[in-house]
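> coordinates for the following, if possible.
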Amino acid sequence: MADPELQLVARRIRSFPDFPVPGVLFRDISPLLKDPDSFRASISLLANHLKKTHGGKIDYIVGLDSRGFLFGPSLAQELGLGCVLIRKRGKLPGPTVSASYTLEYGKAELEIQRDALEPGQKVVVVDDLLATGGTMRAACELLGQLQAEVLECVSLVELTSLKGREKLTPVPFFSLLQFE
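Residues are numbered from 1 along each chain as shown. The predicted model follows:
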């Protein structure tokens, strides 16, 4: 990891063993959010990746409830784009479309406002962390219902041992930091 910006970001991710349950190593982004230089570096690195990969072909950044809301608007601003929100069920006014997905402990649903995107618009989905991939996969399905084109999914952190990126295929996935 030679990039000084990436090193700055990595130093601000801390680990908590056995949280929220025994056997889980929780990756905490709170120190990154607390440090403006680290947060700015994370947005800059993600933006540079998207500029290099997609040029000016992105119409919107899509932020996932809830920590994707911390990165989505800042990333959108850095790229000169708008940000669209995907929320947990029951949090958006007006007509919505929804997609359900499985959690370790049950099911959940995501929603987007029906008029959030036009068919054919190109989007990038952003969240803070990719674990099992269920939430991001459901977001891609939801965007498909609106006939948007998902160019890529990105996150700050990826837990590689959970193989979440495999659930996103064929959508490309990028993360700044990878942990087992």
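> I'd like the next helix or strand past the helix or strand bottoming out on mean pLDDT in the chain.
One helix or strand of the chain scores below all others by mean pLDDT, DSSP states H and E: strand 96-103, with a mean of 91. Later in the chain than strand 96-103, the nearest helix or strand by DSSP states H and E is strand 106-113.
> mind checking pLDDT for the residue lying farthest from the centre of the chain?
Distance from the centre of the chain peaks at residue 22, with 25.6 Å (Cα atoms, centre = their mean). What the model reports for residue 22 is a pLDDT of 92.
> where does the chain dip in pLDDT?
1, 104 (pLDDT under 70).
> show me where it has strands.
14-17, 25-28, 60-64, 82-88, 96-103, 106-113, 122-130, 149-159, 173-179 (DSSP state E).
> can you put these in a markdown table and add mean neighbour count and distance to residue 71?
Quick note: C-beta positions are derived from backbone N, CA and C, even for glycine. Shown next, in a markdown table, are the strands of the chain (neighbours: other Cβ atoms under 10 Å; distance: least, Cβ to Cβ, whole Å):
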| stretch | mean neighbour count | distance to residue 71 |
| --- | --- | --- |
| strand 14-17 | 10 | 18 |
| strand 25-28 | 14 | 14 |
| strand 60-64 | 25 | 7 |
| strand 82-88 | 19 | 10 |
| strand 96-103 | 16 | 20 |
| strand 106-113 | 16 | 17 |
| strand 122-130 | 25 | 5 |
| strand 149-159 | 22 | 7 |
| strand 173-179 | 17 | 10 |
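> can you add distance to residue 46 and give the ones you listed back as TSV?
Compiled in TSV, those are given as follows (distance: least, Cβ to Cβ, whole Å):
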stretch	distance to residue 46
strand 14-17	20
strand 25-28	17
strand 60-64	10
strand 82-88	13
strand 96-103	24
strand 106-113	21
strand 122-130	7
strand 149-159	6
strand 173-179	7
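> between the ones you listed, which gets nearest to residue 52?
Closest to residue 52 of the strands of the chain, according to Cβ to Cβ: strand 173-179, at 10.4 Å.
> packing partners of the closest one?
Under the contact criterion of 3 or more Cβ pairs under 8 Å, 6 or more residues apart in numbering; DSSP states H and E, strand 173-179 touches helix 4-11, helix 36-54, strand 149-159.
> can you pull the contacts of the most centrally placed residue in the chain?
For the chain, the residue nearest the mean C-alpha position is residue 127 (1.8 Å; Cα atoms, centre = their mean). Residues in contact with residue 127 (Cβ atoms under 8 Å, 6 or more residues apart in numbering) are 63-64, 67-68, 71, 135-136, 153, 155.
> quick check, nearest of those residues to residue 83?
For these, the minimum distance to residue 83 (Cβ to Cβ) is 5.6 Å, reached by residue 63.
> setting aside sequence neighbours, what's the nearest residue to the closest one?
Using Cβ to Cβ, 6 or more residues apart in numbering and skipping the chain neighbours, the partner closest in space to residue 63 is residue 72 (2.4 Å).
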